[in-house]
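Q: Just the structure for this:
(chains A, B, C and D, ligands or ions: 4)
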Number of protein chains: 2
Amino acid sequence: MKMTYTIEQLKDYLKRHDIKPSTIRIKVLEYLLNNRIHPTADDIYQYLIGEIPTLSKTSVYNTLELFMEKGVVNALSLKEKELRYDINTYFHGHLKCEICGNVYDFPVSEEIINVEELKGFVIRNVDINVYGICKKCNEKNKEV
Amino acid sequence: MKMTYTIEQLKDYLKRHDIKPSTIRIKVLEYLLNNRIHPTADDIYQYLIGEIPTLSKTSVYNTLELFMEKGVVNALSLKEKELRYDINTYFHGHLKCEICGNVYDFPVSEEIINVEELKGFVIRNVDINVYGICKKCNEKNKEV
DNA sequence: TTTAATTTTGTATTAATTTCAATTTTATTA
DNA sequence: TAATAAAATTGAAATTAATACAAAATTAAA
Ligand SMILES: [Mn+2]
Ligand SMILES: [Mn+2]
Ligand SMILES: [Zn+2]
Ligand SMILES: [Zn+2]
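A: Ligands and ions are numbered 1, 2, ... in the order given. The predicted model follows:
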């Protein structure tokens, strides 16, 4: 894991989002910022248990719940059992490769929701999820 | 429930999708065609148990699984616990009202996925999910 | 320090979905 | 038609991500 943030930066990030910094919250934030792979709660737990041996999974869930309330992360509801979490809250779409399981970002125009049928709706959130095969896996397939 | 399909029509619908028609499959299909509310497996079960008292929930799941394989329905993975099922497999978006819980359709241009970043990807499926407040609930709110 | 507030933990619970073997129904063959 | 094979359905148990919640630990305030 590339270490690109100081503890002070992480603390400030949390404070700016109205979150009191605790060890666990700082570590979860650090993980999310340094691993932009749309991890599941378990991904985060499995990594952090190596750093905080007393960590409970409930704490990871609590932290992510708080992060969601404060707008630090978005949850991705893809066609899979577990939720994934995204520290990038800027409007964008997701592609899940059904071969390798990776979830990639791609840009989406906000124009999508400018349709007559949505006039009168209050839009709080938009999720664009694409399922298919990523470039890498596609090229690997051709070789065979 | 409006009854708009004859048993023969329902049987043909299944046959055209390479599905052997059984009583349960016909009933589930009929429910889906007549109740375009994006129901959950439990919605379907709760209604059909009144018509088929011996029905098991597993059969509803089995049927929906088969329907998905054969392209009769799509599953909607919204930000909620249960999956919903949609007999309308034509490309369109969904809006979930966070007040009344209803899920509405809206048209989406397929242009969305024509972005440079998706070149090289094989796209199998696109989900557009919007969360907010529907017109009805919004107007009800204003009154208060 | 003492007390109060907050955070973290661990266990139990929930609930949608899946698994799978047994049973029932339907189709095929003799 | 009866016997047999194949397919569909059932029901109970297992799975598992997420939640509830009270006790314990940590941190902040008085
Ligand atoms: Mn993302
Ligand atoms: Mn729909
Ligand atoms: Zn891939
Ligand atoms: Zn509504």
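Q: what about A:F121, how many neighbours?
A: 21 (other CB atoms under 10 Å in any protein chain shown). Placement of C-beta: from N, CA and C, glycine included.
Q: Find the residue closest to it in space, skipping its chain neighbours.
A: Excluding the flanking residues, the one nearest A:F121 by CB to CB, 6 or more residues apart in numbering or on different chains is B:G132, at 5.4 Å.
Q: Between strand A:122-133 and the strand or helix carrying the one you found, find me the angle.
A: Assigned by DSSP states H and E, B:G132 belongs to strand B:122-133. Strand B:122-133 and strand A:122-133 are oriented at 170 degrees to each other (axes from the mean of the first three to the mean of the last three CA atoms, to 10 degrees).
Q: domain ranges for chain A?
A: Residue ranges for the domains of chain A, per automatic domain parsing: A:7-84, A:90-143.
Q: if I read this right, the residue nearest to A:F121 contacts B:C97, doesn't it?
A: Yes - using CB atoms under 8 Å, B:G132 is in contact with B:C97, at 7.0 Å.
Q: From A:P21, how far off is A:N125?
A: Between A:N125 and A:P21 the distance is 27 Å, computed by CB to CB, to the nearest Å.
Q: my guess is A:H94 is in a strand, correct?
A: Yes - residue state for A:H94 (DSSP: H, G, I helix; E, B strand; the rest coil) corresponds to a strand.
Q: List the beta-bridge partners for it.
A: Under DSSP bridges, the beta-bridge partners of A:H94 are A:D105, A:N129.
Q: how about the residue nearest to the spatial centre of chain A, what does it touch?
A: The centre of chain A sits closest to A:D86, judged by CA atoms, centre = their mean, with a distance of 1.5 Å. Applying CB atoms under 8 Å, 6 or more residues apart in numbering or on different chains to A:D86 gives the contacts A:R36, A:H38, A:V73, A:N74, A:A75, A:L76, A:H94.
Q: hmm, try it at 6 Å
A: A:D86 sits next to A:H38, A:N74, A:L76 when contact means CB atoms under 6 Å, 6 or more residues apart in numbering or on different chains.
Q: same thing with A:K96?
A: Neighbouring residues of A:K96 by CB under 6 Å, 6+ apart: A:L78, A:V103, A:Y131.
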